[in-house]
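Enquirer: build me a model from this:
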Amino acid sequence: MDRLNLAVGVGLRHPHLEHFANKQDQLPWLEVHSENFFNPESIATKQLLSIREHTPISCHGIGLSLGSVAPVSQPHLKQLTQLLARVEPIFVSDHLSWSENGGVYYNDLLPLPYTEEALDVFCRNVLLVQDAIKRPLLIENPSSYLQFKHSTITEWEFLNAVQQKTDCKLLLDINNVYVSSSNHGYDPYHYIDSFSHTHVEEIHLAGFTHKQLPQGDIWIDTHSCPVSDAVWKLYAYWCQQYGTRATLIEWDSNLPEVAVLLQEAAKASHILNSIERNARRKVL
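Expert: This is a model prediction of the structure:
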């Protein structure tokens, strides 16, 4: 079995750069938001390159805006390819979303309608990126809080079609599945059972916030707390059914001490190692 499939990493955020640069609490891998390291002369980028000497890095993008009608920004894509050349990451990923229109940039990952027209646009942009970076891009399923009435394809069918048309890979965010299914009333297990599991190369886990509003309940993908029991259960189910994968603990706001992130990573490692041991027993 590929050892990376049993590797659990954490999202590397700026307050923890020095910690990991000093080789404290080394993990099998770490993931960064690509756009935060576009400046090759920044202190943060230099720290990242120091970490890269002893720990594999994954580059997770939040700014390609693959769902935008306009083609991907060439200046942005140039900066990304330059970063990849410096870091040589194990994965390169971005989202099923859009965040730019007509030169106006939005501080969010916005949903798109799941239609044949949107599918063509999204696939065109994925192919543009893959042609530039010379490797498959991992596409992550989003968390969403609204649905378009004129969508004609389910989200998982849309992602599966993107994979088939572009030969990209997939990043399965288990927390996003749970958040979206809670908001829209569909079965999260049906979602992950319908996902093209053979093309998943990475899994994300994170914490959500549940708010009770006068209009009704809403689940928000805040990345601000530990992974919920429901998401751990969904994660264990997927890995038992479809195999272990490189797993990342995401935590972006209310950032805790590194020790807390390591505890979350240890929980994921325990699940993955238990599944591997059980698989070996069946073979024997």
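Enquirer: quick one: the helices in the stretch 101-250 of the chain?
Expert: Taking DSSP state H, counting those that start in this stretch, the helices of the stretch 101-250 of the chain run over residues 116-133, 155-166, 174-184, 188-194, 229-242.
Enquirer: figure out which of these is closest to residue 19.
Expert: Ranking those by distance to residue 19, with Cβ to Cβ as the measure, places helix 174-184 first at 24.1 Å. For the C-beta atoms, the positions are set from N, CA and C on the backbone; glycine is no exception.
Enquirer: packing partners of that closest one?
Expert: Contacting helix 174-184 under the criterion 3 or more Cβ pairs under 8 Å, 6 or more residues apart in numbering; DSSP states H and E are the following elements: helix 188-194, strand 200-205, strand 216-220, helix 229-242.
Enquirer: now, of those, which is deepest in the fold?
Expert: A comparison of the helices and strands packed on helix 174-184 by mean neighbour count, using mean count of other Cβ atoms under 10 Å, puts strand 200-205 on top with a mean of 22.
Enquirer: what comes into contact with that strand?
Expert: Outside of strand 200-205, the residues within contact range by Cβ atoms under 8 Å, 6 or more residues apart in numbering are 58, 91, 93, 138, 140, 169-176, 227, 231-232, 235, 238-239, 242, 245-250, 264, 268.
Enquirer: and it, what's its mean pLDDT?
Expert: Averaging pLDDT along strand 200-205 yields 98.
Enquirer: that one pairs with which strands?
Expert: With DSSP bridges as the test, strand 200-205 is paired with strand 169-173 (parallel), strand 246-249 (parallel).
Enquirer: mind exporting that strand as PDB, just the C-alpha atoms?
Expert: Coordinates of the C-alpha atoms in strand 200-205 are reproduced here as PDB (Å, rounded to 0.1, in the frame of the first residue of the first chain):
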ATOM      1  CA  VAL A 200      -9.700  10.700  -4.900                       C
ATOM      2  CA  GLU A 201      -6.100  11.400  -4.000                       C
ATOM      3  CA  GLU A 202      -6.600  13.500  -0.900                       C
ATOM      4  CA  ILE A 203      -9.200  13.900   1.900                       C
ATOM      5  CA  HIS A 204      -9.900  17.100   4.000                       C
ATOM      6  CA  LEU A 205     -11.300  17.100   7.500                       C
END
